[in-house]
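[1] heads up, no residue letters with this:
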Ligand code: SF4
């Protein structure tokens, strides 16, 4: 069976339209890419799609209530919703350093989630 699959490359702002020709479930041809990255992206997206995940989590006693975090590497696309649910359910206490590991092996992906900025603790100065 021959099938055509269309993707848009996300490798750079040119957004090349990619066409994959699939024969019996195997990629036979990729057209529309302007560079090798487009071909690599098409193969990855067809065989094992993955995404980086960026979101915010609740941070108690921090200068701001939310801490931005991201996965250290791309994770399988079908794990993204589970990962976001886990991250939205947790709380962390300030202070946090940029790059600090917030969770390791999230959703059994083997990938860590790290803070993408530092978040200082709020210091309350009492009245004497
Ligand atoms: S194929 Fe190459 S030039 Fe085209 S969008 Fe992808 S990375 Fe950019």
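    Sure, I can see it. Here the structure is a predicted model, which means the values were calculated and not measured.

[2] wait, a helix at residue 39?
    Yes. The assignment for residue 39 is a helix, going by DSSP: H, G, I helix; E, B strand; the rest coil.

[3] hang on, it packs against residue 31?
    No. With contact defined as CB atoms under 8 Å, residue 39 does not count as touching residue 31 (9.5 Å). C-beta coordinates here come from the backbone N, C-alpha and C atoms, glycine included.

[4] those two - which one has more neighbours?
    residue 39 (18 against 13; other CB atoms under 10 Å).

[5] how far away is that one from the ligand?
    8 Å (CB to the nearest ligand atom, to the nearest Å).

[6] can you give me the pLDDT of that residue?
    Note on residue 39: pLDDT of 97.

[7] ok, now which ones touch it?
    Residues counted as contacts of residue 39 (CB atoms under 8 Å, 6 or more residues apart in numbering) are 30, 33.

[8] pLDDT at the nearest residue to residue 102 once chain neighbours are set aside, what is it?
    Excluding the flanking residues, the one nearest residue 102 by CB to CB, 6 or more residues apart in numbering is residue 113, at 4.8 Å. Per-residue pLDDT puts residue 113 at 98.

[9] now swap in the one 3 residues further on and tell me
    Taken from the predicted model, the pLDDT recorded for residue 116 is 98.

[10] which SSE is the residue lying closest to it once chain neighbours are set aside in?
    Using CB to CB, 6+ apart and skipping the chain neighbours, the partner closest in space to residue 116 is residue 68 (4.6 Å). Counting by DSSP states H and E, the element that carries residue 68 is strand 66-71.

[11] which stretches of the protein form strands?
    Per DSSP state E, the chain carries strands over the ranges 2-8, 17-23, 26-31, 50-51, 54-60, 66-71, 75-76, 91-93, 101-103, 113-115.

[12] out of those, which is closest to residue 122?
    Proximity to residue 122 (CB to CB) singles out strand 54-60 among the strands of the chain, at 9.6 Å.
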